[in-house]
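Student: Here's a sequence, model it:
(2 chains)
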Amino acid sequence: DTEVTQTPKHLVMGMTNKKSLKCEQHMGHRAMYWYKQKAKKPPELMFVYSYEKLSINESVPSRFSPECPNSSLLNLHLHALQPEDSALYLCASSHGGDTQYFGPGTRLTVL
Amino acid sequence: TQLLEQSPQFLSIQEGENLTVYCNSSSVFSSLQWYRQEPGEGPVLLVTVVTGGEVKKLKRLTFQFGDARKDSSLHITAAQPGDTGLYLCAGGRAGNMLTFGGGTRLMVKP
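Tutor: Predicted structure coming up:
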């Protein structure tokens, strides 16, 4: 089983809203990632969690706040986003090697 | 900074044709992943190659990792409309992170 699940599939929010994206994997992977992907571009790394601790923050604005409640779950809390934050948000996980498995993504639209 | 140059950026071919996509870098990678992505969906892993000179086959797809682990290619034989999508190469680097190529958008016309 190499499945990473993400909810919701689609999200529309206003600039004053607070929302959260959720990611779950049950492969026992110890590294989990958040990526942002704009149309026709490759994914851009946002955050890396290793053994439930934030190990990398790629200079992401504070309006994005990651959280790793346990080894299977990864959240991304959103607050006061801008229209330019509209994108496909991808979660991925890996066992500790290079191979990452991606979820289906959340299509976020900020109005 | 490790960069991966992927070419071509866009490819439109007829069903039944063959094609090759390239990923090149001046840097050495510990591994090379190939993904296929459809619009609005997440990338789906096709293969991981880790050994210089390695060749892997997945039905009509053949993946090769360069001897020096700086480049890779994906060859598709007898392309089908179902092969249409965005193909991404990604090189493994320190900290269990990936460097992505710019992607190749493939369209296979019936």
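
Student: mind listing what the residue nearest in space to the middle of chain A touches?
Tutor: In chain A, the residue lying closest to the centroid (Cα atoms, centre = their mean) is A:Trp34, at 3.3 Å. For A:Trp34, the contacting residues are A:23, A:45-47, A:66, A:74, A:76, A:89-91, by Cβ atoms under 8 Å, 6 or more residues apart in numbering or on different chains. Every C-beta, even on glycine, is put in place using the N, C-alpha and C of the backbone.

Student: and chain A, which residues reach chain B?
Tutor: A:2, A:4, A:6, A:31, A:40-43, A:45, A:48, A:50, A:55-56, A:88, A:90, A:94, A:96-105, A:107 (Cβ under 8 Å from any Cβ of the partner chain).

Student: what's the worst-scoring helix or strand of chain A on mean pLDDT in contact with?
Tutor: Ranked by mean pLDDT, DSSP states H and E, the helix or strand of chain A with the weakest confidence is strand A:53-57, at a mean of 93. Residues from elsewhere that reach strand A:53-57, judged by Cβ under 8 Å, 6+ apart: A:45-49, A:66, A:68, B:95, B:97.

Student: Now find how far off-centre that strand is within its chain.
Tutor: 13 Å (Cα atoms, centre = their mean, to the nearest Å).

Student: cool, stretch A:47-54 as well?
Tutor: Here stretch A:47-54 is found 12 Å from its chain centre; the criterion is Cα atoms, centre = their mean.

Student: what does stretch A:96-111 give?
Tutor: For stretch A:96-111 - counting by Cα atoms, centre = their mean - the centre lies 6 Å from the chain centre.

Student: Then stretch A:15-30?
Tutor: 6 Å.

Student: Then stretch A:65-79?
Tutor: Distance, centroid of stretch A:65-79 to centroid of chain: 8 Å (Cα atoms, centre = their mean).

Student: same question, stretch A:81-97
Tutor: Distance, centroid of stretch A:81-97 to centroid of chain: 4 Å (Cα atoms, centre = their mean).

Student: How about the contacts made by the closest residue to chain B within chain A?
Tutor: Residue nearest to chain B within chain A: A:Asp98 (2.9 Å; Cβ to the nearest Cβ). Residues in contact with A:Asp98 (Cβ under 8 Å, 6+ apart) are B:30-31, B:33, B:48, B:50, B:92, B:96, B:98.
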